[in-house]
Each structure stands twice: as C-alpha cells, then as structure tokens.
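*Asks:* No letters, just coordinates:
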C-alpha cells in the first residue's frame, strides 16, 4: 500500500520561492552596482532597500519552515512581506517620478536643508559624495534602477498574493 504524503513543494510554495529569489537578485544587484560598479545610492535608493532587508529574512522563515509553520503563520508572514513590497513599489514609482520631475523629491535628496552648517563640519564632508535623487546614474531601455525596483517589487507582490490566495483556497 502506497501512502500519500503531503507535498512539501507545490505551486504556492514555488511562488514564495520565486518571490524570494527575485528579491534576492534585486538587492544583490543593487549592492553590486554600489560596491563593484561605483554607483552611489541616494537617500531614496537606500530607503527602497528596506523591504528587501526586512522582507527577505521573513520569506526565508516561510520557506524553511513551510511544513512546520501553520497556514495562518505562513499566510500572515507572506502578507506582511507583500505589504512591505507594496510600499517598495510605491517608493520605486515615487523615486522614478522624482527622476522624471513629476514629483518633488525630499530636501534630503537635494543637499538643501534647513540646518546651518558650521565651518568645522565642512572639513568632515570633503570626502562625501552626495547624490541627488533626481540624478539617474544608470538606465537600461529607458528604465532607471528606481523603475526596475518598482517593477520587481510589484512582481514580488503579485507572486506573494497569488501564493496566499492559493494557500487559503487549498488549505496548504
């Protein structure tokens, strides 16, 4: 007699795996552009990385604990990560809009602030490179890195939402 064991893989888990891999390649690519390619991130670029830094470890917990975590925990964690990447999608769209002069960027991205700078501080800033948020440092097919972040973040959201719907419908 052959017993049917519950599947440890399936379309819902594969969607979470794909979301994780898309996020991992995106953040590794951003770090490679910075540390190998010499592109300096602006404040909005750095803020767009937070969904990856927070969400990818959460997805790793979901993936590694798939059979041990209950459906409620898996769906909850996946939903939280999807929400982070909704915010990441918005940040990518907003940053792209700043680059295209559709939106005004924050003062921290322009180097103009309300704080007075003393002459003693100027010596400390001599080696710092400030990159404005409206400066496109890299573009491929007319899409900047901020635009790619918006696209990848949206794909991650879609993958996770599809997985959540599948888990709730199938009960696993």
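*Replies:* Ah, there it is. None of the values given here were measured: they were computed from a predicted structure.

*Asks:* low-scoring stretches of this protein, by residue?
*Replies:* Scanning the chain for pLDDT under 70 picks out the ranges 1-9, 110-130, 132-133, 136, 138-139, 171-172.

*Asks:* Show me the strands in it, by range?
*Replies:* 139-140, 143-144 (DSSP state E).

*Asks:* Out of those, which one sits most buried?
*Replies:* strand 143-144 (a mean of 17; mean count of other C-beta atoms under 10 Å). The way it works is simple: take the backbone N, C-alpha and C, and place the C-beta from them, glycine included.

*Asks:* Off-centre distance for that strand?
*Replies:* 16 Å (C-alpha atoms, centre = their mean, to the nearest Å).

*Asks:* other SSEs contacting that strand?
*Replies:* Contact partners of strand 143-144 among helices and strands, from 3 or more C-beta pairs under 8 Å, 6 or more residues apart in numbering; DSSP states H and E: none.

*Asks:* Quick check: neighbours of it in the sheet, parallel or antiparallel?
*Replies:* strand 139-140 (antiparallel) (DSSP bridges).

*Asks:* who wins for proximity to residue 51 among the strands of the chain?
*Replies:* strand 143-144 (17.8 Å; C-beta to C-beta).
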